[in-house]
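Peer 1: take a look and give me a structure for this.
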Amino acid sequence: MGGKSWDEWVEEYSLSHQNRINQITHSIGIPMIVISLVAAVVGLFMKLTVAFYISVGLFLTGWILQFIGHYFEGKPPEFLKDYRFLFVGVRWWFKKNLG
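Peer 2: Model (predicted):
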């Protein structure tokens, strides 16, 4: 990814995620967003309207949590300067929560 290792991306991402509230909101919001994307695909594939609407709610709530966290952090989300940070957030979550 642009000549950087995953560890370098995660380290840079971590610099904008030092505040404890931001870390908590991301630890909850990132999985919500990932689960919502999977649920949306399953809902559309299986024509489950309720699953699709639930996934939209999870997606929006997850992103709201991200922005609340960045409010407390006092820094904008990293993806605003480079879209690739949208993918780094999931890797950061795994490293932070699963080692």
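Peer 1: now for residue 63: which residues touch it?
Peer 2: 29, 33 (C-beta atoms under 8 Å, 6 or more residues apart in numbering). (Each C-beta comes from the backbone N, C-alpha and C, glycine too.)
Peer 1: distance from whatever helix or strand it lives in to the middle of the chain?
Peer 2: Residue 63 is part of helix 49-73, with elements assigned from DSSP states H and E. Helix 49-73 sits 9 Å away from the centroid of its parent chain (C-alpha atoms, centre = their mean, to the nearest Å).
Peer 1: average pLDDT for it?
Peer 2: On average, the pLDDT along helix 49-73 is 94.
Peer 1: list the buried residues of it.
Peer 2: 51-52, 54-55, 58-59, 62, 65-66, 68-70, 73 (16 or more other C-beta atoms under 10 Å).
Peer 1: which residues of the chain fall in helices?
Peer 2: Applying DSSP state H to the chain gives helices spanning 6-15, 20-45, 49-73, 85-98.
Peer 1: among those, which comes closest to residue 79?
Peer 2: helix 85-98 (4.2 Å; C-beta to C-beta).
Peer 1: so what touches the closest one?
Peer 2: With C-beta under 8 Å, 6+ apart, helix 85-98 has contacts from 1, 6, 9-10, 12-14, 17, 23, 26-27, 30-31, 34, 77-79.
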